[in-house]
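>>> Below are the sequence and a predicted model for it; my questions follow.
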Amino acid sequence: MTDKAMHEKTVLKEEFPHARQLLCQWHVVTWLKKQAARMAASVKKEVKALMGLLVYARSKMEYDEARSTMKDLLGGDEEHPLYRTFLENWDNSQEEWVSYLRGNVPHLTNNTNNRIESKWGKIKDVIKGTSSIDELVTTLITLQEYAEDQYIAEYHRVGSRPRGPDEDPELAALGMQISPFAFRLVAEQHGLATRSNTHYNVELLSPGKAIVTSSSSGVTYEVNVEVRHDIANFCCTFGEDSH
């Protein structure tokens with residue numbers, strides 16, 4: 001997730017050609033409203049409000065209506081600079097920033113890059129702007145290793161983490177690797193998949209593939225059984241709750 005810095009997007013595309021890129025919705029709304037700020041006072045407020053409607057549109061109909069209304073406010077002029085800029089730079093990449101086209105991406109409801117921006121701010125507190133790339137990488141690796149050592153030491157300290165008799169070992173291992181927010185989402189899905197009244201019918205297909213059918217809902221999933229076990233469980237159970 002980026003803020004539409006084209007040099008960043010280009011590098012990410014080169015390094016992760018199969019990954020889907022999303023735009024920070026906060027940055028999109030901010031940029032679009034800045035463009036509207038240049039307009040006449042009589043329509044400025046309404047156009048600014050429409051920018052938010054475009055970004056957070058929950059369906060294609062909502063998006064199209066907001067775009068049509070914006071054109072009407074601009075006098076119906078398709079050659080208006082703001083409307084042309086919008087069509088040329090934003091309308092053609094809706095899947096990156098419009099809400100209804102991002103719902104199938106497991107972004108854990110995180111639609112901004114504020115968290116990573118906050119982390120960059122913390123990094124800037126401990127490194128020098130004059131450092132070379134080699135010095136920067138070495139410093140970051142050292143700090144990461146130090147933070148991991150501190151976390152593991154605290155995790156294993158006697159009395160720091162009581163373990164209940166019913167604790168699931170898979171969830172316990174996963175809890176060390178992801179954020180509390182992500183863990184709560186996974187734990188909820190894990191509970192749905194492992195409760196006593198949950199049953200699946202499994203049909204093995206070609207090597208590495210299986211068809212899994214939920215007896216309770218009748219929903220069918222195709223699972224890649226060659227990936228890591230915990231990842232496969234997460235993908236399968238996450239899919240069931242979303243239907």
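Good, I have the coordinates.
>>> contacts and neighbour counts: CA atoms only from here.
Fine.
>>> Okay, domains of the chain per the record?
Following automatic domain parsing, one finds the domains of the chain at 6-101, 126-155, 169-242.
>>> wait, which of those domains is closest to K119?
Nearest to K119 among the domains of the chain is domain 126-155; the distance by Cα to Cα comes to 11.4 Å.
>>> what about the helix or strand where E65 lies, average pLDDT?
Using DSSP states H and E, E65 sits in helix 60-73. Average pLDDT, helix 60-73: 93.
>>> Residues contacting it, please?
Contact with helix 60-73 is made by V43, V47, L50, L53, L54, A57, D77, E78, Y83, Y100, as judged by Cα atoms under 8 Å, 6 or more residues apart in numbering.
>>> Filter those residues down to just the buried residues.
V47, L50, L53, L54, A57, Y83, Y100 (16 or more other Cα atoms under 10 Å).
>>> What is the distance between the host helix or strand of the second one and the centre of its chain?
According to DSSP H and E, L50 maps onto helix 41-55. When C-alpha coordinates are averaged (Cα atoms, centre = their mean, to the nearest Å), helix 41-55 and its chain have centres 26 Å apart.
>>> For it, name the packing helices and strands.
Applying 3 or more Cα pairs under 8 Å, 6 or more residues apart in numbering; DSSP states H and E, one finds that helix 41-55 contacts helix 25-36, helix 60-73.
>>> tell me the most buried of those?
Among the helices and strands packed on helix 41-55, helix 25-36 has the highest mean neighbour count (mean count of other Cα atoms under 10 Å), at a mean of 18.
>>> Output that one as PDB, restricted to C-alpha atoms.
Output of helix 25-36 as PDB, limited to C-alpha atoms (Å, rounded to 0.1, in the frame of the first residue of the first chain):
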ATOM      1  CA  GLN A  25      -7.300   6.000   0.900                       C
ATOM      2  CA  TRP A  26      -6.400   8.800   3.200                       C
ATOM      3  CA  HIS A  27      -3.800  10.200   0.800                       C
ATOM      4  CA  VAL A  28      -6.200   9.800  -2.100                       C
ATOM      5  CA  VAL A  29      -8.900  11.800  -0.400                       C
ATOM      6  CA  THR A  30      -6.400  14.400   0.700                       C
ATOM      7  CA  TRP A  31      -5.000  14.900  -2.800                       C
ATOM      8  CA  LEU A  32      -8.400  15.000  -4.500                       C
ATOM      9  CA  LYS A  33      -9.700  17.600  -2.000                       C
ATOM     10  CA  LYS A  34      -6.700  19.700  -2.600                       C
ATOM     11  CA  GLN A  35      -7.500  19.900  -6.300                       C
ATOM     12  CA  ALA A  36     -11.100  20.900  -5.500                       C
END
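>>> So what angle separates the directions of it and helix 41-55?
Orientation of helix 25-36 against helix 41-55 (axes from the mean of the first three to the mean of the last three Cα atoms, to 10 degrees) gives an angle of 160 degrees.
>>> Can you verify my assumption that R58 contacts W97?
No. Between R58 and W97 there is no contact under Cα atoms under 8 Å: 11.8 Å.
>>> quick check: longest helix of the protein.
Identified as the longest helix of the chain according to DSSP state H is helix 133-155.
>>> right, and the helix or strand after that one?
That would be, after helix 133-155 and using DSSP H and E, helix 169-174.
>>> Now do the buried residues in the next helix or strand after that following helix.
Remark: after helix 169-174, the chain's next helix or strand is helix 180-194, criterion DSSP H and E. Neighbour counts using 16+ other Cα under 10 Å place F183, V186, A187, Q189, H190, L192, A193 of helix 180-194 among the buried residues.
>>> Many thanks, we can stop here.
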